[in-house]
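Engineer: with the input below, show me the fold.
(chains A and B)
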There are 2 protein chains.
Amino acid sequence: MTENFRADFQGKNVLVTGGMGFIGSNLAARLLELGSTITLVDTLHPKYGGSPFNVEPIKKQVKIIIADMGDEKRIAPIIPHQDYIFNLAGQVSHTDSMSDPQHDLAINAASHLAIVEMCRKLNPQVKIIYGGTRQVYGIPQYLPVDEKHPVAPIDYNGVSKMAGEWYHLIAHRTYGLRAASLRMTNVYGPRMRVRDARKTFIGAWFRLLLEGRELQVFGNGRQLRDLNYIDDVVTALLLVAAHPSSDGKIYNLGGDEHTSLLDLARLMVEINGSGSYRLTPFPAARKRIDIGDYYGDYTKIHRETGWNPQIKLREGLRRTLDYYIEHRKHYW
Amino acid sequence: MTENFRADFQGKNVLVTGGMGFIGSNLAARLLELGSTITLVDTLHPKYGGSPFNVEPIKKQVKIIIADMGDEKRIAPIIPHQDYIFNLAGQVSHTDSMSDPQHDLAINAASHLAIVEMCRKLNPQVKIIYGGTRQVYGIPQYLPVDEKHPVAPIDYNGVSKMAGEWYHLIAHRTYGLRAASLRMTNVYGPRMRVRDARKTFIGAWFRLLLEGRELQVFGNGRQLRDLNYIDDVVTALLLVAAHPSSDGKIYNLGGDEHTSLLDLARLMVEINGSGSYRLTPFPAARKRIDIGDYYGDYTKIHRETGWNPQIKLREGLRRTLDYYIEHRKHYW
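Structural biologist: Just a heads-up that it's a prediction; the model follows:
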């Protein structure tokens, strides 16, 4: 798809908030290949996913601003020049949202509201893609979960992510701002945070596996998930950004392989060639936010943009393991 | 119902945030009759509904704190003593939410989150009723709107109100906090803000009518609404607070008389004995947030608590007009 994208992104100014994080840094690398002029904004908050090493290979070819995306003094001056903005900044840890909910609200809602307001005032033609999440659906009422599924977050983090998304969509409705949201499911791949389970348990699993430590699978391990490899998610972000009719819309992502957590642990051990896992009862705090099975219906984005996940789970896990074997010292 | 309530509220400590506003001050007056020990918190922000005159008759019998409900230094010390908290503080103006959305978010989401956190830490047994709104439903997908209707706010104010409500419900889910939400429809009656249309057009209509000025009815005037008289809403708040099984639940209010805006204008002129109204095209900013017809399904609160609206529209409008004829100088 790269050739198609070239016309859409070559020579274009693109701002990526959360640009040193997992998804942002992978997106930036792809945009660079496509010939975009790139600005990355990141707080480099120690609890978040941002890491200087994520952008080490491209750091001389992009502009980097260490700031909160809602910091008007720092961010407003660069808004008028952008053709695209990917709003991927945010705090996605359930645990952190419960221990410091005001910070969670400030980052995920107030900062996104601030940049949305800057855009509609300073650059109403810019195309904005918001990095949404399946978390807003809470516990699935049916499967696969499509975009019509009611929203009902079950933790503070889900509330702030929901508010951040709605600000984008209401600015579209009210001011014609060209914003769309991509609600992602479990994304994994190189440059994800593996230091702890803050972003997702999968990140922590890669680290445990490479350290020869046991993976803990909560409950009976039969909870189904659909994982998306990072390259597929980057493609989806670009497709939605380039799609002229995506303004004001929400798109779910989803995967073709619905894998139980137990099977995922088995597969990771198998691919790694060694390792172990163990079923363990849910800690109370985790049980409260357990959503049972989840997999998303990606019919809408497929129908409108042709997106399909390309990378099989086995292949994606292999690539991810290889990345962390090579770059372990930068992520531990 | 007052006799039944006495056992639930007599001698109880009750905190009302937004306590000098329309609903808060009427609730406080009723609680005083029931023998509660009452603390009112209000910012008295000039754009909001709080007014010292609203509590003039009871001011010597209640404790009043002028502060933001989220101000931990001022509010935390009184939290442990409360049996009930009615969280009615907030900013409900669409227009103000669009011109100063960060303030809207701070008041409606961050301050409510702050008091919810204070409660779960300092007084996890307190019963909290959140003052919710039909606004979270956005444009009705079906009528009457029940609690299962998807939420989809169409303005910034709807987002912040939604977040404020969800913080209460998630604290119930996570910490067992005894919180419930009452989603109100158009509430009218004595002590409502009539200075402008910030709270609702109905308030402004009372004022225009008594000034002999023309009421403006937007569009074709056929949009249906269900209005609740304030005394009925106060009863609903008390019923939900006293109902042992309301923890973690949402209840819609609604009215039996579905009235078009045009008929409402006619009725107000008729009851007043003079006045005029005129159909006028929607201003663009108002058209964007027009939700068409709305009326709520109050089956759930009726089934669980026995609540029914008691005051007919004609009677409620009469009482309201009488109030503003008598107290006009304090509200203009």
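
Engineer: from now on I want contacts and neighbour counts done on CA atoms only, so please keep to that.
Structural biologist: Noted.

Engineer: wait, A:Ala171 touches A:Val116, no?
Structural biologist: Yes: counting by Cα atoms under 8 Å, A:Ala171 touches A:Val116, with 7.2 Å between them.

Engineer: next up, the contacts around A:Leu224.
Structural biologist: A:258-261, A:292-295 (Cα atoms under 8 Å, 6 or more residues apart in numbering or on different chains).

Engineer: mind doing that once more with 6 Å?
Structural biologist: Contacts for A:Leu224 (Cα atoms under 6 Å, 6 or more residues apart in numbering or on different chains) come out as A:258-260, A:293-294.

Engineer: make TSV out of those and add secondary structure.
Structural biologist: Shown next, in TSV, are the contacts of A:Leu224 (DSSP: H, G, I helix; E, B strand; the rest coil):
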residue	secondary structure
A:His258	strand
A:Thr259	strand
A:Ser260	strand
A:Asp293	coil
A:Tyr294	coil
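
Engineer: which of the residues you listed has the most neighbours?
Structural biologist: Counting neighbours by other Cα atoms under 10 Å in any protein chain shown, A:Tyr294 comes out on top of these with 25 neighbours.

Engineer: and for that residue, nearest residue in space, chain neighbours not counted?
Structural biologist: Among residues not flanking A:Tyr294 along the chain, A:Arg225 sits closest, at 5.2 Å (Cα to Cα, 6 or more residues apart in numbering or on different chains).

Engineer: which bits of chain A sit near chain B?
Structural biologist: Within chain A, the residues that sit near chain B (Cα under 6 Å from any Cα of the partner chain) are A:150, A:154-155, A:159, A:163, A:170.

Engineer: top of those residues by number of neighbours, please.
Structural biologist: Highest neighbour count within the residues of chain A next to chain B, by other Cα under 10 Å: A:Val159, with 31 neighbours.

Engineer: please report the distance of that residue from A:Thr133.
Structural biologist: A:Val159 is 11 Å from A:Thr133, where distance means Cα to Cα, to the nearest Å.

Engineer: please apply the same query to A:Pro80.
Structural biologist: Remark: distance between A:Pro80 and A:Thr133 (Cα to Cα) = 27 Å.

Engineer: more neighbours, the two?
Structural biologist: Between A:Pro80 and A:Thr133, A:Thr133 has the larger neighbour count (other Cα under 10 Å), namely 20 against 16.

Engineer: quick one, what contacts the nearest residue to that one once chain neighbours are set aside?
Structural biologist: Nearest residue to A:Thr133, sequence neighbours excluded (Cα to Cα, 6+ apart): A:Arg183, at 4.2 Å. Applying Cα under 6 Å, 6+ apart, we find A:Arg183 in contact with A:132-134, A:251-252.

Engineer: all strands of the stretch 101-250 of chain A, in order?
Structural biologist: Ranges of strands in the stretch 101-250 of chain A, per DSSP state E, counting those that start in this stretch, are A:127-133, A:178-184, A:186-188, A:215-218, A:224-229, A:250-252.

Engineer: would you turn these into TSV with distance to B:Ile107 and mean pLDDT?
Structural biologist: Compiled in TSV, the strands of the stretch 101-250 of chain A are given as follows (distance: least, Cα to Cα, whole Å; pLDDT from 0 to 100):
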stretch	distance to B:Ile107	mean pLDDT
strand A:127-133	24	98
strand A:178-184	26	98
strand A:186-188	33	96
strand A:215-218	38	94
strand A:224-229	37	97
strand A:250-252	28	98
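
Engineer: quick one: which of the ones you listed is nearest A:Val14?
Structural biologist: Of all the strands of the stretch 101-250 of chain A, it is strand A:127-133 that lies closest to A:Val14, at 9.6 Å by Cα to Cα.

Engineer: any idea what A:Thr39 is bridged to?
Structural biologist: Going by DSSP bridges, A:Thr39 is paired in beta bridges with A:Leu15, A:Lys63.

Engineer: need the contact list for it.
Structural biologist: Counting by Cα under 6 Å, 6+ apart, A:Thr39 touches A:15, A:62-64.

Engineer: give me phi/psi at the residue in the stretch 1-150 of chain A that chain B sits nearest to?
Structural biologist: Closest approach between the stretch 1-150 of chain A and chain B, counting by Cα to the nearest Cα: A:Pro150, at 5.6 Å. With angles defined as degrees, to the nearest 10, A:Pro150 sits at phi -60, psi 150.

Engineer: and the pLDDT for it?
Structural biologist: If you check A:Pro150, the pLDDT there is 94.

Engineer: which non-adjacent residue is nearest it?
Structural biologist: Spatially, and ignoring its direct neighbours in sequence, A:Pro150 is nearest to B:Pro150 (5.6 Å; Cα to Cα, 6+ apart).

Engineer: quick one: that neighbour from A:Ile64, how far?
Structural biologist: Noted for B:Pro150: a distance of 40 Å to A:Ile64, by Cα to Cα.

Engineer: what's the answer for A:Tyr295, then?
Structural biologist: In terms of Cα to Cα, A:Tyr295 sits 35 Å off from A:Ile64.

Engineer: now A:Gly189
Structural biologist: 23 Å.

Engineer: neighbour count winner among these two?
Structural biologist: Taking neighbours as other Cα under 10 Å, A:Gly189 and A:Ile64 compare with A:Gly189 leading, 24 against 18.

Engineer: need the phi and psi values for the more buried one.
Structural biologist: phi 150, psi -180.

Engineer: which regions of the stretch 201-332 of chain A sit below the pLDDT cut-off?
Structural biologist: In the prediction, the stretch 201-332 of chain A carries no residues with pLDDT under 70.

Engineer: residue of it with the smallest distance to chain B?
Structural biologist: Going by Cα to the nearest Cα, chain B is nearest to A:Arg288 of the stretch 201-332 of chain A, at 6.6 Å.

Engineer: spell out the secondary structure type for A:Ile291.
Structural biologist: Secondary structure assignment for A:Ile291 (three-state DSSP): coil.

Engineer: wait, isn't it in contact with A:Tyr137?
Structural biologist: No: under the criterion of Cα atoms under 6 Å, A:Ile291 makes no contact with A:Tyr137, lying 9.5 Å away.

Engineer: helices along the stretch 1-150 of chain A, start to end?
Structural biologist: Counting by DSSP state H, counting those that start in this stretch, the stretch 1-150 of chain A has helices at residues A:2-9, A:22-33, A:72-75, A:94-99, A:101-105, A:111-122.

Engineer: buried residues in the shortest one?
Structural biologist: Going back to what we said before, that points to helix A:72-75. Neighbour counts over helix A:72-75 (16 or more other Cα atoms under 10 Å in any protein chain shown) mark A:72, A:75 as buried.

Engineer: now it: average pLDDT?
Structural biologist: The model assigns helix A:72-75 a mean pLDDT of 97.

Engineer: how about the fourth one?
Structural biologist: What helix A:94-99 shows for mean pLDDT is 90.

Engineer: counting by contacts, list what that helix packs against.
Structural biologist: If you count contacts as 3 or more Cα pairs under 6 Å, 6 or more residues apart in numbering or on different chains; DSSP states H and E, helix A:94-99 packs onto helix A:156-175.
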